[in-house]
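Participant: 3D, please:
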Amino acid sequence: MKMKRLAPVLAAAGLVATSVPLLSATGAAAAPAAQYTPQKPAWQRCATDRPAAYECATIKVPLDYRRPQGRTIDLAISRIKSGNPAKRHGAMLLNPGGPGGSGLDLPLMMDELMPKDVRDQYDLIGFDPRGVGASTPITCGMSDAEQNFDRPYKEETFPADVAWARTVAEKCREKSGSVLPFITTRNTARDMDAIRAALGEKKISYVGYSYGTYLGAVYTQMFPDRSDRFVLDSGVDPQRIWRGMIQVWATEAEPAFKRWAQWTAERSGDYGLGETPEAVSKTFWDLVARANLQPIEVDGTKITGDDIRTARGLFFSPSQAAPLVKALKDAADGKPVPLTEAQRKLLLPAAEPASDNGTAVFWAVVCGDTEWPRYPEQYQREAARDKARYPLYGDFASNIKPCAFWRRPIEPPTAMKAKTNVLTVQNEWDSQTPLVSGQGLHKALAGSRMVLALGGEGHGVYLVDPNSCAAATVDAYLTTGRLPARDVTCRTAPGAQERRSEIAPQSPRRFPVPADGRF
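Facilitator: Predicted structure coming up:
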């Protein structure tokens, strides 16, 4: 079953003060609790075409928590309450990933997908993170082309890459400069605590996907005494934020590509791409070189070899990658290519330009959370080096980004020191937050447990893959609050199920991979 993105219309909400304090000494660089109190939400039905139980509200939070009486921004929140008050345990916040993903509609999705024993225990709380969607959205005024950061390294085009990175940074400062420095993971974690306080809860539970795992981890470190049952699904390694998380797409695409070549060679009769892994690899790289010389036309769109390499995420799912590579080869050979609808979505760009809100928030967080190299020459050296080391995606990953020209962060990244009661969840073959990243998150969070789905493919596990072997462990934890005694490893049959692909937001690339957001 495909989960469609929903677009709730927020009702105007009045704001009533409550005496629940927001901040404590655990929130570093924050003002004393007495100086700021959050508002009690004025809940209203989100929209007449949505269930009556799906409610929305808007609260005000400080733009800069160091100045709690200063400028405020809107925070759009939503909820579906537990249908069984006798079994209610508390409130569960939800985040789909990004950075830049809207989470307002997640209560609707999770209400449908969660097992009843789990669902009864929680009020499901969605929210648009600061800067996103209905939460005082930001823009950089980027064109559709400027949003695409998949830029292959070539010596002759590197000056244009530098100009693009500088232009994006300058546009962001021009359009949203007064807000931009405060669109960070630490401030979004503070917003989560504002939601907790506004709801009158002593603690919150949480399910976060992808980037949402890092957001959740930061919350547990800033507010350890207010963190209840936390599921962090498809983990971002805190030691890799953020340049290292983009570079891990390149390093981990290589073993995935080798696995794909082996799988495809074993099915040479079906795909005709080669009878050995070496032959399959040669077919692919010959196709890339050929497409760079003469782009392949598919349904009126010309696809270069560099475009093909941006599909590195596909190779984490051999059963998707093989027919797509075969279709490209057939098109290059002049054969008719009857694309399936799924292949059409993978190969061809969206017809309508995308809003740059998600991309603007992505850069705000990725550039504002941590320091990046400042000198273009470093990016040039590393992009050239990684193009040779990791030929599928290395130069894309290490090439210059707008963060080279960003203002320096207003506070340092969050140290992972507090012991947590967190369950991390990971597929073995995840393209956006690869296994080494998920393992890094687990290692960074003392006291956490990890459930690893061997053979599991795709980005997002719990409720995203309806047949995942990890589901029972997550359900048990969310129901009882007790972590497994030790890490759990189970096995999921790869490529055998249809994934619910819209938990995490899509990346604005030519080749989006189902269920793959940025992180």
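Participant: how about the strands in the stretch 351-500 of the chain?
Facilitator: Using DSSP state E, counting those that start in this stretch, the strands assigned to the stretch 351-500 of the chain run over residues 422-429, 449-457, 488-491.
Participant: Could you say which of these is packed most deeply?
Facilitator: strand 422-429 (a mean of 26; mean count of other CB atoms under 10 Å). Any C-beta I mention is one placed from the backbone N, CA and C, and that applies to glycine too.
Participant: by contact count, what packs against it?
Facilitator: Here strand 422-429 touches helix 211-222, strand 227-233, helix 435-444, strand 449-457, helix 471-480, going by 3 or more CB pairs under 8 Å, 6 or more residues apart in numbering; DSSP states H and E.
Participant: residues of the last one that come out buried?
Facilitator: Applying a neighbour-count criterion of 16 or more other CB atoms under 10 Å, the buried positions in helix 471-480 are 471, 473-479.
Participant: And stretch 64-79, by the same measure?
Facilitator: Across stretch 64-79, burial judged by 16+ other CB under 10 Å covers 64-65, 68, 72-79.
Participant: from the chain's centre, how far out does it sit?
Facilitator: 23 Å (CA atoms, centre = their mean, to the nearest Å).
Participant: Alpha carbons of it, in CSV - could you do that?
Facilitator: Output in CSV follows, covering the C-alpha atoms of stretch 64-79 (Å, rounded to 0.1, in the frame of the first residue of the first chain):
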residue,chain,number,x,y,z
ASP,A,64,16.2,32.6,19.7
TYR,A,65,15.9,30.7,23.0
ARG,A,66,18.7,32.9,24.5
ARG,A,67,16.2,35.7,24.2
PRO,A,68,12.9,34.1,25.2
GLN,A,69,11.0,37.4,25.4
GLY,A,70,12.1,38.5,21.9
ARG,A,71,10.9,37.6,18.5
THR,A,72,8.6,34.5,18.2
ILE,A,73,7.8,32.1,15.4
ASP,A,74,4.9,29.9,14.8
LEU,A,75,5.0,26.1,15.4
ALA,A,76,2.3,24.1,13.7
ILE,A,77,1.3,21.0,15.6
SER,A,78,-1.3,18.2,15.1
ARG,A,79,-2.6,15.3,17.1
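Participant: For the remainder of this discussion, apply numbering that starts at 29.
Facilitator: Sounds good: first residue 29 from here, last item stretch 92-107.
Participant: follow-up on the earlier one: what's the closest of the buried residues of helix 499-508 to residue 404?
Facilitator: residue 502 (44.1 Å; CB to CB).
Participant: and the end-to-end length of stretch 72-90?
Facilitator: Start to finish, the residues bounding stretch 72-90 are 23 Å apart (CA to CA, to the nearest Å).
Participant: rewinding a little: of the strands of the stretch 379-528 of the chain, which approaches residue 350 most closely?
Facilitator: strand 477-485 (13.3 Å).
Participant: Give me the sheet partners of that closest one and which way each runs.
Facilitator: Take DSSP bridges as the rule and strand 477-485 pairs in its sheet with strand 450-457 (parallel), strand 516-519 (parallel).
Participant: Could I get those in TSV, plus columns for mean pLDDT and distance to residue 474?
Facilitator: Formatted as TSV, the strands paired with strand 477-485 follow (pLDDT from 0 to 100; distance: least, CB to CB, whole Å):
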stretch	mean pLDDT	distance to residue 474
strand 450-457	98	10
strand 516-519	97	18
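Participant: Output those in JSON lines; the columns should cover distance to residue 391.
Facilitator: Converted to JSON lines, these look like this (distance: least, CB to CB, whole Å):
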{"stretch": "strand 450-457", "distance to residue 391": "26"}
{"stretch": "strand 516-519", "distance to residue 391": "36"}
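Participant: out of those, nearest to residue 201?
Facilitator: strand 450-457 (35.9 Å).
Participant: gap between that closest one and the chain center?
Facilitator: The answer for strand 450-457 is 14 Å, by CA atoms, centre = their mean.
Participant: same thing with stretch 117-130?
Facilitator: Centroid displacement of stretch 117-130 relative to its chain, using CA atoms, centre = their mean, is 11 Å.
Participant: farthest-separated two in the buried residues of stretch 92-107?
Facilitator: 92 and 107 (26.9 Å).
Participant: ok so, going back, in JSON lines, list the strands of the stretch 379-528 of the chain along with distance to residue 253.
Facilitator: Compiled in JSON lines, those are given as follows (distance: least, CB to CB, whole Å):
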{"stretch": "strand 450-457", "distance to residue 253": "14"}
{"stretch": "strand 477-485", "distance to residue 253": "20"}
{"stretch": "strand 516-519", "distance to residue 253": "27"}
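Participant: Taking the buried residues of helix 499-508 together, which two end up most distant?
Facilitator: Farthest apart among the buried residues of helix 499-508 by CB to CB are 499 and 507. That separation is 12.0 Å.
Participant: Pull the contacting residues for the closest residue to residue 266 other than its chain neighbours.
Facilitator: Among residues not flanking residue 266 along the chain, residue 472 sits closest, at 4.8 Å (CB to CB, 6 or more residues apart in numbering). Applying CB atoms under 8 Å, 6 or more residues apart in numbering, we find residue 472 in contact with 245, 265-267, 444.
Participant: how's this structure carved up into domains?
Facilitator: Here the domain parsing of the chain from automatic domain parsing is 43-166+208-270+440-519, 172-206+272-396+400-435.
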